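[1] The amino acid sequence is not available; the structure is as follows:
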């Protein structure tokens, strides 16, 4: 796989477990880690926040329809029953990049249009271009929301909307 792809979300059905060696296994849901479902070596697995915190890794091998081995790990250790997404985000941002987990977004043309038409705080999340975008936000000492966006890879062909509609709605 190239350094970045065009799919914001490739796959995200069910929950997974992981041991400390980076082996991801099915916990629940209709998981089938297969090429037919779009899963490929080199894609990024991003884990939802749980008690141990979120994490990421790059798919090193597809061991079976219910097991993946990850490399370049930025994981909280062993965990069970965690939501996840398989995405084609820039692999350089996993474990050592500029942006944290859940700060990189695949922004399609619909999300750009909605963001540019928004007002108030929602407008602050509007990136200058579609593609892979890093977005960080914080509250300054005066209580004002501050948002920084950086286009990592400009692209108008992002597909597969991720669950990021609270920050970048597409309707």
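    Okay, I see it. From a predicted model like this one, the values you see are computed outputs, not experimental measurements.

[2] contacting residues for the residue of the chain most remote from its centre?
    Distance to the chain centre peaks in the chain at residue 142, reaching 30.6 Å (criterion: Cα atoms, centre = their mean). By Cβ atoms under 8 Å, 6 or more residues apart in numbering, no residues touch residue 142. Where C-beta positions appear, they are placed from N, C-alpha and C, glycine not excepted.

[3] Surely it is in a strand?
    No - judged by DSSP: H, G, I helix; E, B strand; the rest coil, residue 142 forms no part of a strand; its state is coil.

[4] how about the helices in the chain?
    109-117 (DSSP state H).

[5] And the strands in it?
    Remark: strands assigned in the chain by DSSP state E are 15-18, 23-28, 44-47, 55-64, 67-74, 79-87, 104-107, 131-139, 145-154.

[6] domain ranges for the chain?
    If you go by automatic domain parsing, the domain ranges for the chain are 15-93, 104-154.

[7] what's the closest of the ones you listed to residue 161?
    Among the domains of the chain, domain 104-154 comes nearest to residue 161, with 7.0 Å by Cβ to Cβ.

[8] For the closest one, what does the pLDDT average out to?
    For domain 104-154, the mean pLDDT works out to 89.
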